[in-house]
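Chemist: Provide a 3D model corresponding to the input given below.
(chains A, B and C)
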Amino acid sequence: MSEHPQPSTGLERSQYFRPRAFLAGLVGGLILCSALARFVSHRGYHDDFTRFHQSLSPEAQYYPTLDEMCGIVRPRCRPDQVLVIVGGNSVFNGVGQPAEKMWTVELQRRLGDGFVVLNFAFRGALPTDGGAVVAEVLRKEYPRQVYVANTVPFSLPVPYGQEPYNYLFWEASHWGRLEGFPPRDELVAEYLDREFTWGQRFDVWSRDWLDGALRFRDLWNWVGYEYLFTIQNPISPNLPQAVWARRRFADIEPDFESIPVGERFRPEYRAAEMKIVRGFSDSYYFRERSGQWHLKPAIRSGFERVAKAAFPDDLKGRTLIMLSRNNPYYVRLLPADDLMRENAAYRDAAQAWRNAGYESTDYGSDYEASDYGDRTHLSASGGRRLANKVADKVLEISRKRGYLQGEPPRP
Amino acid sequence: MIFTTYWFLAFAALVVTGYWLLPRAGWRLWFLGVACVVFHAHFAGPAGMAPIIVLMIVTYFAALTRDRRACLAVMVLCVAALCFYKYALFLIGAVVSSWSPLLAFKLGAGAKSIMPGAPPLGISFFAFEFLHYLFEVRRGGEPIRNPLKFLLFAIFFPSLVAGPIKRYTQFIPSLEKGCVRFRFDSLGEGFLRIATGFAKKVIVADNLTLYIDSTQPHFAALGLVGRWLVLLAMSGRILMDFSGYSDIAIGFARLLGITLPENFNWPYLAHSLQDFWQRWHISLSLWIRDYVYIPLGGSRHGPVRRIASGMIAFGLCGLWHGPAWNFVLWGLYHGLGLSLCAAYRRIPVLGPMLGGGFEREPLAALALTQLYACTGWLLFFYPLPEALRMARLLYGL
Amino acid sequence: MKYLDNLMKALPERSARIASHAGSLLLGLVLAVLLHYVLYRLGLPSKPFIYVAF
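Modeler: Numbering: from 1, shown residues only, chains lettered A, B, ... in the order given. Next comes the predicted model:
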């Protein structure tokens, strides 16, 4: 080793660097970026929106913002139309249904022009994630709205959602765009105290505060959608696709109906799938001496508290929770006892949601194996059946809440 | 990590603003001292602060005495603290367990019960800075008498977490000069440097990380070009990540009017391994040179001693990066390379030929140097068996 | 820097001053865009690998 001089930076010696002009450019540039972000997100840019498919989702490092999602609603829904936002998980996202055969396309067709259906479901999301936040944020702009989501019996609908989608809840909460609702606030406060240090809470709050001022997420989502995507992601890891604008990625969901029914349910996965099917109810129920299955009191009370806090009271009535039943191919393999427990779980869960003030029912009990592509996701035929059931419920809710003047035209 | 949190950005904005709003230089130093303590407390917690507080106090007073034995004793204490907090479990596993697994288990359990959950924040950096300070005072340097200035030297928040490793003879004058008057130049330069650092880290390094994470598990299935792309990505990632962090640290110091030493100088343009280590993590390589290599004899006692000193110095340099054998091997790999670099011209016939060739074709020297350095990253990031497997796949062996 | 020196010396003084101000302003704008982007990346919920863990 030998002595060597410290390298110097050219800037320290520069006589051409004008710090005041530089700082003016810095501040002015931030203001311009913020203004551009507000403009593009308010105007909306998802012209061909179908749903948040894999390339437009957090799996691909694309995190749609609140304003971006509101910007999808505004050009599509007139004030005289009823806004139907679909939330929930991959089942409601329409995994296994190509864009043109999506169940929400059928739902739109069934409901007609008086309604606008938008699919804001995300893979692995809770009913309180994604679309739920957007629906609440738009409650004053679109008071005539129905929110539809799916879930499974007694899955806790925590109001703050779960990773990776809960950023939308924090964004809306920190920007003051959610309705004040003390039971929800209490649950959120408990969660924050339990899970986060003060520093972590400050980080999330300050991210949202800075974003509220500078709108960096809106701007760079727009750039990534329209021009150049800049984050390496596992969905499109190789060049040049890794940097393609996200609008170039079509919604190319594979079609379950292209697979013969006999080949959809592989025997080697059956044991694992049956374990999941049983898991929907076995840890929640106990058997009485009479032989009847009863929901554990702790499960009931825990669920009731969370369900009551999940949405504000005046939004519960417009919320339809659909309980997703498993594929009858697997359900039929359950012993009679387990089947009785499974049915009890769906019945009790739907009732629990209704007791909490929501509309709720299940679907799938009268479906065929061909209506499914796997244990839980529906094929296009299953999607059509779901759309029919949901359409009837949406119309029922709309009438109850006085959204309609006369019946909507039926196709 | 720390620089990439909003807490830190808010903290830094408040500190820089508050610092320059104060009308007097003395007040600014106090304000900065409090800010550094708050920073450390926030990220290290009370348990993490205890070691640095204790070491700071004993180092400060030992240096004031200017007693050589006192300084030496505290230097030993600093090394012992570093070894305990960072290397105890590794040393127990590596040394004790081979001859007495039961004793190793008991020692390990005992060590875990008194250790904090993670090593104290920045221990690798502040321990080295204290060692440097005591070494220099011991050989006649002037100690820092002002306790506030010593505190700032010890826990200066921009460089505490990831360097550069400071020299007190540069830092204190820079601190004293920089706090006197606000200069727009410093503000602009600092912003530019911070932006460069974040660009390197966030735009380049983080994307390369995601690429490496998704492709490295399938390394064997990649084609030859794909494997070399992964190696290039790894080499690029570590440079951008680390130099980006250094840029951010240097930039924030500049916002406060303080100059920190440079840490990277285009290392992938180096024409030899000696040149590489004058460009890569400069503050560390200078520290290793001044406080390990030269005290061991350096190049003053013939080639055998030089090679031995170099190998020990670089083995320790590797170990400094983390408590694992692959880091030591990486250090020794570079030690070996440097020894070869220093001695190859003496090989009869071949040596002068190679030397002349590299002088005529500097690109060949650059290519060979970078090939050696980049291949070395396999040892840095992966355990030896995995690193060897990947190297075999890269070189088609 | 040598080219910049030559260029600036070739310009009349007033033009050189305007050019240096304009250049600095442009640099500030570029850095603003960069900082805006960095804030976006920092805000992403998922955090990838960080090299230094001392």
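
Chemist: all contacts plus neighbour counts: C-alpha atoms, from now on.
Modeler: Fine.

Chemist: Which phi and psi values does A:A149 adopt?
Modeler: phi -150, psi 160 (degrees, to the nearest 10).

Chemist: The longest helix along chain C: which residues count as buried?
Modeler: Of all segments of type helix in chain C, defined using DSSP state H, the longest is helix C:13-43. By neighbour count, with 16 or more other CA atoms under 10 Å in any protein chain shown as the criterion, the buried positions of helix C:13-43 are C:16, C:20-43.

Chemist: model confidence over that helix, on average?
Modeler: Here the mean pLDDT over helix C:13-43 is 90, rounded to a whole number.

Chemist: Same check on stretch B:285-305?
Modeler: Averaged over stretch B:285-305, pLDDT sits at 90.

Chemist: can you tell me if the longest helix of chain C touches chain A.
Modeler: Yes. Contact between helix C:13-43 and chain A, assessed by CA under 8 Å from any CA of the partner chain, occurs at C:20-33, C:36-37, C:39-40, C:43.

Chemist: so what does that helix touch, helix or strand wise?
Modeler: Secondary-structure packing of helix C:13-43 (3 or more CA pairs under 8 Å, 6 or more residues apart in numbering or on different chains; DSSP states H and E): helix A:19-43, helix A:216-226, helix B:184-198.

Chemist: what angle do it and helix B:184-198 make?
Modeler: Between helix C:13-43 and helix B:184-198, the angle formed by their directions is 40 degrees, by axes from the mean of the first three to the mean of the last three CA atoms, to 10 degrees.

Chemist: Now do helix C:13-43 against helix A:19-43, angle only.
Modeler: Counting by the same axes, to 10 degrees, helix C:13-43 lies at 50 degrees to helix A:19-43.

Chemist: So what's the gap between helix C:13-43 and the chain middle?
Modeler: Taking CA atoms, centre = their mean, to the nearest Å, one finds the center of helix C:13-43 at 5 Å from the center of the full chain.

Chemist: of all of chain B, which residue lies closest to chain C?
Modeler: In chain B, the residue found nearest to chain C is B:G122; the distance is 5.4 Å by CA to the nearest CA.

Chemist: can you list the residues of the stretch 201-350 of chain B near chain A?
Modeler: For the stretch 201-350 of chain B, the residues found near chain A under the criterion CA under 8 Å from any CA are B:203, B:207-208, B:210-211, B:214, B:261-262, B:265, B:274, B:278, B:289.

Chemist: For the buried ones among these, write the corresponding ChimeraX selection.
Modeler: To isolate in ChimeraX the members of these that are buried, counting by 16+ other CA under 10 Å, one can use:
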select /B:203,207,208,210,211,214,261,262,265,274,278,289
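
Chemist: from the residues of the stretch 201-350 of chain B next to chain A, which two are the most distant?
Modeler: Distances among these were taken as CA to CA; the most separated pair is B:S214 and B:R289, at 37.9 Å.

Chemist: Just give me the neighbour total for the residue of chain B closest to chain C.
Modeler: A count of neighbours around B:G122, defined by other CA atoms under 10 Å in any protein chain shown, yields 21.

Chemist: Tell me the pLDDT of the residue lying closest to it once chain neighbours are set aside.
Modeler: Distances taken as CA to CA, 6 or more residues apart in numbering or on different chains put B:V161 closest to B:G122, at 4.7 Å, once the chain neighbours are dropped. The predicted local distance difference test score for B:V161 is 87.
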